[in-house]
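1. next come a sequence and a model predicted from it.
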Amino acid sequence: VFLSYGKKKSNGELLLSYGFVPREGANPCDSVELSVSLKKSDQSYKEKLELLNKYGLSGSQCFPIQITGWPLELMAYASLAVSPPSMIARSEEMAAAASNKSTAKKDSRYPEIEEQALCESSISKYNNNL
């Protein structure tokens, strides 16, 4: 006798349909939604929003996070959301990657943003008072 619950079912679907949930971390198909948004105070907000709209995205998007990883579209969208005005030339590339309509390589990275985030993180560890 073989019993299959199907493939790619989240913990919520398994609970509602079959009355059980696998132990924590055992279901690679389970996910949680992460919402990422553009800041309206961003100097490039209007330009970024227009690019996202061009690719069928909005100023706020949800992406699934699974124990097996996160979608590359999330990284592209988040990179666009935090990119400084000096990177506006690469914004179209990021918006296209966020929509999964990019013809560029899938593992695009943005060292300028990563370096800025690392510096800000390091600086924030220091006490503000001397």
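-> Everything's here; your move.

2. what about the strands in this protein?
-> 31-37, 60-66 (DSSP state E).

3. for the first one, packing partners?
-> It stands for strand 31-37. strand 60-66, helix 72-82 (3 or more Cβ pairs under 8 Å, 6 or more residues apart in numbering; DSSP states H and E). Placement of C-beta: from N, CA and C, glycine included.

4. quick one: average pLDDT of the shortest one?
-> Across strand 60-66, the average pLDDT comes to 91.

5. please apply the same query to stretch 20-35.
-> pLDDT averaged over stretch 20-35 gives 87.

6. count of neighbours near the closest residue to residue 64 other than its chain neighbours?
-> Excluding the flanking residues, the one nearest residue 64 by Cβ to Cβ, 6 or more residues apart in numbering is residue 31, at 3.9 Å. A count of nearby residues for residue 31, using other Cβ atoms under 10 Å, gives 18.

7. residues contacting residue 31?
-> 10, 64, 65, 66 (Cβ atoms under 8 Å, 6 or more residues apart in numbering).

8. tell me which two in those are the farthest apart.
-> 10 and 65 (12.0 Å; Cβ to Cβ).

9. which ones are touching the residue positioned nearest the centre of the chain?
-> Central residue of the chain (Cα atoms, centre = their mean): residue 74, 2.1 Å from the mean position. By Cβ under 8 Å, 6+ apart, residue 74 lies in contact with 34, 36, 63, 65, 98.
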